[in-house]
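*Asks:* Got a predicted structure plus its sequence, pasted below:
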Amino acid sequence: MRGPGEILLLSTYALGRPPHALASSAAFLERAGFSPACLDLAVEPFDPARVERARLLAFSVPMHTALLLGLRAARRARAAAPSARLAFFGLYAPLNAELLESAGAVAILGGEFEAELVALSEALERGEEDLARFRHRGPQGLPTRRLDSPAPSREGLPPLTRYARLDPAGGPTRVAGYTEASRGCKHLCLHCPIPPLYRGRFVAVPIETVLADVAGQVAAGAEHLTFGDPDFLNGPTHALRLARAVKARFPGLTFDFTAKVEHLLRHAGALAELVACGALFVTSAVESLSDKVLSRLRKGHSRDDALRAFELCALAGLTLRPSLLPFTPFSTLEDLLDLLETFEARGLFAHLDPVQLSIRLLIPPGSLLEGAPDIAFEGLDRDALSWRWRHPDPRMDELQPRIAAAAELSAAQGEDPIETIRRIHERVRATSGLPRRRVRGRGLAPRQRRVPRLTESWFC
């Protein structure tokens, strides 16, 4: 198992960013004396030579799309290397354990996977046949203290220029890197894939490990960095210490991060300092402006909280870019229309990616919403890896795929996102039976039509 490439780490989708899970896993394996290879199928072609050399094929599945693509790639990889053992690791692996076992996986590892990948490799090296302890179906224990993490090893990955770039809303795009300062989340939002595994817990990555990762990416050309933690402000003291250290060592580096609305309110006093340290924008799961929907999802914030978060971020000079969930069994057409008209009135269309207006609630096996009595379930779709559900208003089920198709087409054609949102708004008004009118947007000043963002806009 210790020969070069006998362990092959594979990624299929990581939101257009460098696959951190591969780099982190490679570092743990290298520290243990293994020589793993990496293959990022999001930007690299399938390489039969690398696959055929492998004795262990380990697929990173941090999200739903990655798992769908990973299963397809795994079938092709197993055909090329039929004697290789198959493993899946990441948030979506334990949620789909039964399916992955039927696909031939000998190991199904959750959120804390690096040390277990090492243990699995050592077990295979010893010739062990009983690997049941590596097939997880639920939460895994978190370290009782901070992770003993080596700096991620990125030498086996494609260059940063192959991935999503920063569009700074003025001037040329910049090379962007990616790292993580913490794992898990201390919140229990019902629709999120993290709570079924972490159960409201999180753990910080040592600052020196993160700084070493940042240094390596800056040396490789990174001018901007995404902190991809589920919530950068779960540990605000840790986050601020890290931001200060990054600023001191790399004063020209900018960054973005993710944080819950309630954390943006609770730590509003820290936003200006984060901006001074280089923060350009924050992604926040606003999801909806309906208090009914927000309460049903246990989001921990209200409509007024979300709108206040936009105001506080603007005061600090930080762009808030919302992720949305307009199509749930609890949302109404009136909710979607209200969201669009509120964003229009407040001049926030530029903060949106059109695709966010199309997102439909995904309920994978193991979700905290699984079996909810107020959802009209129609059975488990094994091909889609999720439970099918029907909206009580047929107009919503008809509208969602139309908006999704419009967003995808406009992105492919490079259309101004505000123009796409304007047309979606018109469609929602028409579906609501309202008279056609010209949705505002064209009259915005250039600075109001663009805000900082990454060139990859798909957050699901």
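*Replies:* The structure has been received and is ready for your questions. Numbers count the residues shown, from 1 in each chain.
*Asks:* Low-confidence bits of the stretch 51-200 of the chain, can you list those?
*Replies:* Applying pLDDT under 70 to the stretch 51-200 of the chain picks out residues 138-147.
*Asks:* which stretches of it form strands?
*Replies:* In the stretch 51-200 of the chain, the strands defined using DSSP state E, counting those that start in this stretch lie at 56-60, 85-89, 105-109, 165-167, 174-179, 182-184.
*Asks:* Distance across stretch 249-264, terminal residue to terminal residue?
*Replies:* Using CA to CA, to the nearest Å, the end-to-end distance of stretch 249-264 comes out at 26 Å.
*Asks:* swap that for stretch 183-198, sorry
*Replies:* End-to-end distance for stretch 183-198, by CA to CA: 9 Å.
*Asks:* State the distance from residue 298 to residue 187.
*Replies:* 8 Å (CB to CB, to the nearest Å). (Each C-beta comes from the backbone N, C-alpha and C, glycine too.)
*Asks:* which of the two has more neighbours?
*Replies:* Ranked by neighbour count (other CB atoms under 10 Å), residue 298 and residue 187 place residue 187 first, with 21 against 14.
*Asks:* Surely that one and residue 200 touch.
*Replies:* Yes: the criterion here is CB atoms under 8 Å, and residue 187 meets it with residue 200 at 6.8 Å.
*Asks:* just to revisit the earlier point, and the strands of the stretch 51-200 of the chain: which comes nearest residue 234?
*Replies:* Residue 234 sits nearest to strand 182-184 of all the strands of the stretch 51-200 of the chain, at 5.9 Å, using CB to CB.
*Asks:* Note down every partner strand of that closest one and its orientation.
*Replies:* If you go by DSSP bridges, strand 182-184 pairs up with strand 202-204 (antiparallel).
*Asks:* quick one: the partner strand to chain centroid distance?
*Replies:* In terms of CA atoms, centre = their mean, to the nearest Å, the gap separating the centre of strand 202-204 from the centre of its chain is 17 Å.
*Asks:* Quick one: mean pLDDT for that strand?
*Replies:* The average pLDDT within strand 202-204 is 88.
*Asks:* what about the helices in the stretch 1-150 of the chain?
*Replies:* 20-31, 48-53, 64-80, 92-95, 97-102, 114-125 (DSSP state H, counting those that start in this stretch).
*Asks:* Would you format those as CSV with distance to residue 451 and mean neighbour count included?
*Replies:* As requested, the helices of the stretch 1-150 of the chain are exported to CSV (distance: least, CB to CB, whole Å; neighbours: other CB atoms under 10 Å):
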stretch, distance to residue 451, mean neighbour count
helix 20-31, 25, 23
helix 48-53, 40, 16
helix 64-80, 25, 19
helix 92-95, 30, 27
helix 97-102, 39, 17
helix 114-125, 35, 20
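*Asks:* Redo these as TSV? Include distance to residue 374.
*Replies:* What follows is the helices of the stretch 1-150 of the chain, written out as TSV (distance: least, CB to CB, whole Å):
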stretch	distance to residue 374
helix 20-31	35
helix 48-53	45
helix 64-80	23
helix 92-95	22
helix 97-102	26
helix 114-125	37
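*Asks:* who wins for proximity to residue 282 among those helices?
*Replies:* Using CB to CB, the nearest of these to residue 282 is helix 20-31, at 18.8 Å.
*Asks:* okay, now the domains of this protein?
*Replies:* 7-133, 160-454 (automatic domain parsing).
*Asks:* would you turn those domains into JSON lines with distance to residue 154?
*Replies:* Formatted as JSON lines, the domains of the chain follow (distance: least, CB to CB, whole Å):
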{"stretch": "domain 7-133", "distance to residue 154": "5"}
{"stretch": "domain 160-454", "distance to residue 154": "6"}
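*Asks:* and among the ones you listed, the most buried is which?
*Replies:* With neighbours taken as mean count of other CB atoms under 10 Å, the domains of the chain reach their highest mean count in domain 7-133, at a mean of 20.
*Asks:* For it, measure first residue to last.
*Replies:* Rule used - CA to CA; the end-to-end distance of domain 7-133 is 19 Å.
*Asks:* just use 12 as the starting number from now, easier for me
*Replies:* In the new count, where the first residue is 12, that last one comes out as domain 18-144.
*Asks:* Which strands border the strand ranked longest in the chain, and is each parallel or antiparallel?
*Replies:* If you go by DSSP state E, the chain has its longest strand at strand 290-298. The strands beside strand 290-298 in its sheet (DSSP bridges) come out as strand 265-269 (parallel), strand 330-335 (parallel).
*Asks:* who does the helix or strand that the longest one is followed by touch, helix- and strand-wise?
*Replies:* Which is strand 330-335. Note on strand 330-335: by DSSP states H and E, the next helix or strand toward the C-terminus is helix 344-356. Applying 3 or more CB pairs under 8 Å, 6 or more residues apart in numbering; DSSP states H and E, one finds that helix 344-356 contacts helix 405-424, helix 428-442.
*Asks:* pull the CA atoms of helix 344-356 into CSV?
*Replies:* Provided in CSV are the C-alpha atoms of helix 344-356 (Å, rounded to 0.1, in the frame of the first residue of the first chain):
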residue,chain,number,x,y,z
LEU,A,344,-45.5,31.6,-4.0
GLU,A,345,-46.2,34.7,-2.1
ASP,A,346,-43.0,34.2,-0.1
LEU,A,347,-41.0,34.0,-3.2
LEU,A,348,-42.6,37.1,-4.7
ASP,A,349,-42.1,39.0,-1.4
LEU,A,350,-38.4,38.0,-1.3
LEU,A,351,-37.8,39.3,-4.8
GLU,A,352,-39.7,42.5,-4.3
THR,A,353,-37.9,43.1,-1.0
PHE,A,354,-34.5,42.6,-2.5
GLU,A,355,-35.5,44.8,-5.5
ALA,A,356,-36.6,47.6,-3.2
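*Asks:* Any figure for the gap between the closest residue to residue 209 other than its chain neighbours and residue 99?
*Replies:* Leaving aside its sequence neighbours, residue 209 sits nearest to residue 195 (CB to CB, 6 or more residues apart in numbering; 3.7 Å). Separation of residue 195 from residue 99 (CB to CB) stands at 19 Å.
*Asks:* contacting residues for the residue lying closest to residue 47 once chain neighbours are set aside?
*Replies:* The shortest distance from residue 47 to any residue other than its chain neighbours is 4.2 Å, reached at residue 18 (CB to CB, 6+ apart). By CB atoms under 8 Å, 6 or more residues apart in numbering, residue 18 lies in contact with 12, 40, 45-48, 65-67, 69, 132.
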